[in-house]
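Undergrad: here is a sequence together with a model predicted from it:
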Amino acid sequence: MSLIEEIRQAVIVGDAPDAKAKVEQALNDNLTADTVLREGLIDAMREVGQLFEEGDFFVPEMLIAARAMKGALDLLKPHLVEEGVEPLGKVAIGTVKGDLHDIGKSLVAMMMEGAGFELVDLGVDVSPDKFISVIQDGADIVAMSALLTTTMPNMKLIIEEIEAAGLREQVVVMVGGAPVTQAFADQIGADGYAADASSAARKAQELIGR
Amino acid sequence: MTQQLSVPTLQPFLRILSDEQIQAIHIATLEILEKIGVEFDDPHGKSLLLDAGAWESGDRVKIPEKLVNDAIQNAPSRIPMYTRLGELTMPLELGKVFFGSGSDVTFVRDVYTGERRRAIAQDVVDFARLADALDNIDFVMSMSNPVDVPPDDLYLYEFIGIVRGSIKPNVYTVKNRRDLEDIHRIGVAIAGSEQALREKPFFLLYPEPISPLLMPSEVIQKILFCAEKGIPTAFVPSANPGGGGPITLAGALALGNAECLVGLILTQLVRPGTPFLYGFNTASLDMKTTIVSYGSPEWSMGMAACNDLARHYNLPVWGFGGATDSKVVDAQAGAEYTFSLLTALLSRTTLVHDVGYIEYGAGAAMEALVIADEIISMARVFARGIEVNPTTLALDAIARVKPGAGFLADDHTLEHWREAQWKPNIVDRSRYQQWDEKGRQDMNARANARARDILADHQTPPLSAEAEAAIADVLGQRAAVRQ
């Protein structure tokens, strides 16, 4: 088994200490941080997401893998900066104004982080202003979540405010949450929708084209 | 803190009769046996009873309390049952619960075509293979009453189909003593010797007297044979309310109990300690259609009561579950399966048969057995109860959590999720979109797919050459007699 393959396996089974040790070894062996990131960590999480979507992995197994990925990524970060590797993208995520339901949103955040995105977790009950300012600070994706049908209209409102601020072209807008559907996403002019955390991470990669 | 006493689970448990009710039903039972009597035409059985202190009165045999008490005293409290490979997998004893299929249905729903057709010999093998593969099925019955074999050899083919299809312990039916002798011969060949079979029995006989109060010679001879050979038997009257039994459940319980105890007495007179599985059926005779209802709550209630009586006598107990009056595997089937299977488990019925029946016991479907297997697995989790201890109280995790943020990604969840939650197999919990994309299958369709997968893949260890030779020999002799 190649070292990259060993890193992949360590992440898939969620063995964080092993993943870190193998990444260190890879760097000592002069593999580039970029290779380790793409062929090791990100590819491992792609497989984890696929296993989850096919019903072979449960959420906790996915989370344990995401943790292992994150630990290894932290180790890799200075080397990526050194090599001038751009991060996959910056995602700002939060539940919309009036909605305090954190659990689903946080799961999506963890999976996006596992997919290699830089995450800004805005928390719950996030005002439109906060979404606007995080786009101004360079967020590539804004991901909004709503659990209640009563807070869903706020998603539309936020998209309108992003447009009004002249920022709509520079940001990808994703929506999700139990009552949200693809049809609703289309109707309010969002760029993407996903039904669960794993496909949200995959969708984000597709939308950002990397 | 020093080691404190652990708090075990309550292990939820269903009891339906009070001590006074058990006593009242027991006394009514004694009254039936001693004052009303049963009709009895088997000379051997009758002489056993008369020699022991029963007496004849008109066309009835009347049985005194002493015989009842002695039989209960002499009967073993446990019947260890083995696979045909000699592994103990079904110790029939109070407190344990084992599930299995049913016997002798006329019609099966073909798993490939969905067609309702007469059962054939291959169905016995296929149902046995399916039962062999399902984790929550402990024993196997014929399910099918095949139409494509010589009628006199039908029960022989059932037994052969069962042992070819499964290694699990089985419960079998026969027409007469000749069937029993031939099956015993095959059983001896499978076990290796008569001694080995007696020490590690892997089949248990299911004979039924005719309620009310009729003890046909052919049926009595069956249990006498088992007692002679020391092989386990049940003796299951169907005191079905409104049919074989009084319409009111209490009377049906007293009658069924009395009839069953006649079987117990006889087996213990032949050989004290003969393994005997106590129990009787109380499936309502439906007043609209005259079917005997396999989904009736009366049967489940009667079974729970039968368990209360069995505990009073300290005997393992026969019962039923996972059967329906529905003609198809539908919502009615699911409701009736769940009702009876959960009752069976909560009342601690030792041996639960008829799992996978449809059509008031006239039919069987593979999908039904697969679905019932899943319900049993849910019910077992429920019956285990709730474990309460420092780990499961999770105070550290509760202290750790950010209000509103949830436990999904908490270490406590990641550590305990596997054992803390029941996980479905064919029960569907997918989101609508996924379900839609995967072909909008209902439970029946998923069960059908699983049954087909099992039939395609499952390998049952074959019988030994000696066993197959004994089968060929028995069948050959029977064919020769026919010509």
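TA: Now that the structure is in, tell me what you want to look at. Residues are numbered from 1 along each chain as shown, chains lettered A, B, ... in the order given.

Undergrad: how about the contacts made by the closest residue to chain B within chain A?
TA: Among the residues of chain A, A:Ile103 lies closest to chain B, at 3.6 Å counting by CB to the nearest CB. From N, CA and C alone the C-beta is placed, and that goes for glycine too. If you count contacts by CB atoms under 8 Å, 6 or more residues apart in numbering or on different chains, A:Ile103 has them with B:Ala405, B:Gly406, B:Leu408.

Undergrad: among those residues, which ones lie close to chain A?
TA: With CB under 8 Å from any CB of the partner chain as the criterion, the subset of the contacts of A:Ile103 in contact with chain A comprises B:Ala405, B:Gly406, B:Leu408.

Undergrad: please report the distance of the residue lying closest to B:Lys35 once chain neighbours are set aside from B:Leu213.
TA: Distance criterion CB to CB, 6 or more residues apart in numbering or on different chains; nearest residue to B:Lys35, sequence neighbours excluded, is B:Lys62 at 7.1 Å. Distance, B:Lys62 to B:Leu213, using CB to CB, to the nearest Å: 11 Å.

Undergrad: touching both of those two, which residues are there?
TA: Common neighbours of B:Lys62 and B:Leu213, using CB under 8 Å, 6+ apart, are B:Ile36, B:Gly37.

Undergrad: reformat the ones next to chain A among the contacts of A:Ile103 as CSV; add secondary structure, neighbour count and pLDDT.
TA: Below are those laid out as CSV (DSSP: H, G, I helix; E, B strand; the rest coil; neighbours: other CB atoms under 10 Å in any protein chain shown; pLDDT from 0 to 100):
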residue, secondary structure, neighbour count, pLDDT
B:Ala405, coil, 16, 87
B:Gly406, coil, 17, 89
B:Leu408, coil, 18, 91
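
Undergrad: out of those residues, who's nearest B:Gln195?
TA: B:Leu408 (58.5 Å; CB to CB).

Undergrad: wait, isn't the closest one in contact with A:Ser106?
TA: Yes: the criterion here is CB atoms under 8 Å, and B:Leu408 meets it with A:Ser106 at 7.3 Å.

Undergrad: need the pLDDT of A:Arg210.
TA: Here, the pLDDT recorded for A:Arg210 equals 55.

Undergrad: repeat for B:Phe276
TA: pLDDT, B:Phe276: 98.

Undergrad: so what's B:Ala364 up against?
TA: Taking CB under 8 Å, 6+ apart, one finds B:101-102, B:105, B:107-109, B:119, B:127, B:143-144, B:356-358 in contact with B:Ala364.

Undergrad: out of the residues you listed, flag the one nearest to A:Lys77.
TA: When these are compared against A:Lys77 (criterion: CB to CB), the nearest one is B:Gly356, at 58.1 Å.

Undergrad: now that closest one. Nearest residue, chain neighbours left out?
TA: B:Leu369 (3.4 Å).

Undergrad: contacting residues for the one you found?
TA: B:Ser101, B:Phe127, B:Leu130, B:Ala131, B:Leu134, B:Ile137, B:Gly322, B:Val355, B:Gly356, B:Ala451.

Undergrad: before we move on, what SS does it have?
TA: helix (DSSP: H, G, I helix; E, B strand; the rest coil).

Undergrad: now do B:Pro76
TA: coil.

Undergrad: I figured it hits B:Leu277, correct?
TA: No: using CB under 8 Å as the test, B:Pro76 is too far from B:Leu277 to be in contact (10.3 Å).
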